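Enquirer: I need the structure of the sequence given here:
(chains A and B)
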Amino acid sequence: MKDDRIWMSGNEAIALGAFEAGVAVASGYPGTPSTEIMENLAKYEGVYTEWAPNEKVGLEVAIGASFAGARALATMKHVGVNVAADPLFTASYTGGRGGLVILTADDPEMHSSQNEQDNRNYAFAAKIPMLEPSDPSEAKDFLIKAFELSEELDTPVFLRITTRIAHVKGIVEKGEKLTPPVEIGIEKVPGKFVMLPANARKRRVAVEERMEQCREMAESASYNVIEEGDKTRGFITSGVSYLYVKEAFPEAAVLKLGMCWPLPERMIREFAQSVDELFIVEELDPFLELHVKAMGIACRGKEIIPGQGELNTAIVRNALDPSSQDEIFSAPELPMRPPNMCAGCPHRGIFFNLSRMKLFVSGDIGCYTLGFLPPLSAMDSTVCMGAAVPIAHGMAKALGEDAHDKVVSVIGDSTFIHSGITGLINTVYNNSAATLIILDNRITAMTGQQHNPTSGSNIKGEPAREIDLEGLCRSVGVKHVYVVNPHEVPETRKVLKEAIALDEPSVVISKAPCVLLPELKLRKPVSYFTNQDNCVGCMSCIRLGCPAISWTPFAEGEAEQRGYKKKQKGISKIDEILCNDCGQCASLCKFNAITRGEG
Amino acid sequence: MEKQGNILFSGVGGQGILLASEITAYSLLAAGFDAKKSEVHGMAQRGGSVTAQLRYGSKVYSPLIEPGCADIMVAFEMMEAARYMPYLHRGSKVVVNTQQILPPSVATGQATYPENVLDTLVDNDIEVVKVDALDVARELGEVRTVNMVMVGATSAFLPIDPSVCTEVIEKRVPERFREVNLQAFAAGRKASE
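Expert: As a prediction, this is how the structure comes out:
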């Protein structure tokens, strides 16, 4: 492989594209499958990158940079666009000066998301052009095109990827670093940038003119391509679906839409007329299909192609030729292997306690959402980033004063800063006694260890101002703020009980670092082990659900044979390689059967 | 270049599957193939069942392996070999690490680890190559090389010379781990030859 041909993921390719496009400012909030874009971009010289506290702030930062004439990028996962929707819809009116691109990473199949919304609908609703690459190589090229388009038409431009672009690796060719056409500096254009009604009405007209211009450009743009082929079946497709069509029907005629909004009507009409039967292959919503049908063109789409989950070659082939499916083995019946909190995870101590306190636990988005799973089963709702706090408040208000001690909310440090803080302000201002537990593990863990305003470092790992969570909670008016070490399980339970019993707002900060933090991984953890002679088989440690602890059941008569009480059903064992030295199990063991080892 | 193939890596989050698939991909690329690889990040990686899909050939479009179309499965754990059986066909090869990692339901005594879990594969004319990769890695004094033992074991079934793989390891693995990883590769290769 030559040096200018690099094996990289879609996300790495987009970072490279941003560098080559001359992006000056990039801001984002981590979210699978978008996270690695900003992580990789932060490694390039000459690009300012940052983790914003949420996607709305991230987009507003990018808008500001664009107003200053810089090429600016905002990255987020699909649901992040919901958070950023407010500036998004008006940035469509203002346009910018430097190119402005919003990267949305959608997650069909919900590999790591709470819904599978199709963000192509945002392009239509906000009147913003959207490019959609099919693989890592196109992802890089299309990002650069998106900046050019943004400047040419004075509009923000969406680049939409999905999990199978973001986390797919392929060959990408390196290019030259470009010099953006706009010079960075202050230029006051109030008619464009100040969106009070009189100006907005004028810009409203400009938006329509620009979309018309864009529609015209789409008719001859390099990213919309007709691939000649067998005309008995013609396919209109975009994004990763294009690849499935190419594999399932390699001979067929294809109209590949690199721009999925606005659509090139003449091109589509011409293609439709040239084929006997027209199929639209797209993941999730019938987005292309609805607009093609609105042109009065007959086609088949969602009546045969699933509208839920990811597609693949087999699904596309079988949708058209159901008889083509070979015999597929079915898997034997096996115990499930769901994801689990790591050995030594501080969240486990909190959820172990909550699982025993008969509460409604209003949860949030992060690794700790795994507190939902057995054996802890201690999360009763999860909706979106930050929702834990207001949902608990709303429940407390509905349940009335007698039930204020039945509801708690749980949120991570990064999610609290993202959008939990406003919920807490509401809890205090409108006064409910719902207790909030902040799981401060010093990092944004689920997405792979990103820094945030509470971690003391910026995206490059350089020292940054660190928010004092305790002080922040007090300053918004919470009088009762407790800090606990979640690894001390019984101690933590006492504090939780005290906080929950109060009839005023209270916050419990659970403070212990994520075991995956690089500095914790470097240490040589001392492992705990079971003194099997002392184990009475009470299963207190087993109920933690720690991956390092397992249960060995006794065979008939084995208990007595080995000198245990006749009724004992088995013993627990700690895997000393997996153990991460948290000591939660030891704090629960009443029989001195778990001891910390000596190195 | 006529040859093409689909390799499915399966195992448990944290076993080093992504690195193993990465070294294999680089080796195929170095041998002149086109390739695409698909993996999933985020929540799935926290100790759950994970896969990486690697496809190679003269030109690869889709990054996903179709059900029934994996030629080789590299399974880092026995139950995770059986779980992805729908991807296999008669004649597929499964290089499996004979390690057992207990899922939560088994570790807490709610379920039992299935006995002879690989029999279903063998009964369906799937060729199973067993490698005790954890034991091999232990003998080398570095349990974290399980993934490279598996890469070595798998390399025997790829249309490439082992020297291509060792060159990739030399280039891609940090110096302080290089020697032990090369040993792990060689030991894995020997185990499946």
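Enquirer: what is the lengthiest helix in chain B packed up against?
Expert: The longest helix of chain B (DSSP state H) is helix B:175-192. With contacts taken as 3 or more Cβ pairs under 8 Å, 6 or more residues apart in numbering or on different chains; DSSP states H and E, helix B:175-192 sits against strand B:127-131, helix B:133-139, helix B:146-155, helix B:162-172. Heads up, the C-betas are built off the backbone N, CA and C, glycines and all.
Enquirer: out of these, flag the one nearest A:Gly98.
Expert: helix B:162-172 (37.4 Å; Cβ to Cβ).
Enquirer: tell me the helices and strands packed up against the closest one.
Expert: The contact analysis (3+ Cβ pairs under 8 Å, 6+ apart) places helix B:162-172 against helix B:17-30, helix B:146-155, helix B:175-192.
Enquirer: that helix: how far from the chain's middle?
Expert: Chain-centre distance of helix B:162-172: 17 Å, with Cα atoms, centre = their mean, to the nearest Å.
Enquirer: tally of neighbours for A:Gly10?
Expert: 32 (other Cβ atoms under 10 Å in any protein chain shown).
Enquirer: which residues does it contact?
Expert: Neighbouring residues of A:Gly10 by Cβ atoms under 8 Å, 6 or more residues apart in numbering or on different chains: A:133, A:135-136, A:139, A:161, A:165-168.
Enquirer: got a pLDDT number for the residue nearest the centre of chain B?
Expert: Most central in chain B under Cα atoms, centre = their mean is B:Val74, positioned 2.8 Å from the mean C-alpha point. Note on B:Val74: pLDDT of 98.
Enquirer: same question for B:Glu193.
Expert: If you check B:Glu193, the pLDDT there is 82.
Enquirer: I'd assumed B:Ala156 was in contact with it.
Expert: Yes. Counting by Cβ atoms under 8 Å, B:Glu193 does reach B:Ala156; the two are 5.2 Å apart.
Enquirer: which of these two has more residues huddled nearby?
Expert: Taking other Cβ under 10 Å, B:Glu193 and B:Ala156 do not tie; B:Ala156 has more neighbours (16 against 11).
Enquirer: could you find the closest non-adjacent residue to that one?
Expert: Of all residues not flanking B:Ala156 in the chain, B:Ser192 sits nearest, at 4.8 Å (Cβ to Cβ, 6 or more residues apart in numbering or on different chains).
Enquirer: didn't the one you found look like it was pressed against B:Met150?
Expert: No. Between B:Ser192 and B:Met150 there is no contact under Cβ under 8 Å: 9.4 Å.
Enquirer: who has more neighbours, the two?
Expert: More crowded of B:Ser192 and B:Met150, by other Cβ under 10 Å: B:Met150, with 33 against 18.
Enquirer: who's in contact with the more buried one?
Expert: B:Met150 touches B:20, B:74, B:76, B:95, B:97, B:131, B:133, B:188, counting by Cβ under 8 Å, 6+ apart.
Enquirer: and it, how far is that from B:Glu127?
Expert: Distance, B:Met150 to B:Glu127, using Cβ to Cβ, to the nearest Å: 16 Å.
Enquirer: before we move on, the earlier item: of the contacts of B:Met150 - the most surrounded one?
Expert: For those, neighbours tallied by other Cβ under 10 Å; top is B:Val74, 31 neighbours.
Enquirer: for that one, helix, strand, or coil?
Expert: What DSSP: H, G, I helix; E, B strand; the rest coil gives for B:Val74 is strand.
Enquirer: report the separation between it and chain A.
Expert: Between B:Val74 and chain A the computed distance is 17 Å (Cβ to the nearest Cβ, to the nearest Å).
Enquirer: please name the bridge partners of that residue.
Expert: B:Phe9, B:Val95 (DSSP bridges).
Enquirer: now do the helices in the stretch 51-200 of chain A.
Expert: All helices of the stretch 51-200 of chain A, identified by DSSP state H, counting those that start in this stretch, fall at A:55-67, A:78-83, A:85-94, A:120-126, A:136-153, A:163-166, A:190-193, A:197-218.
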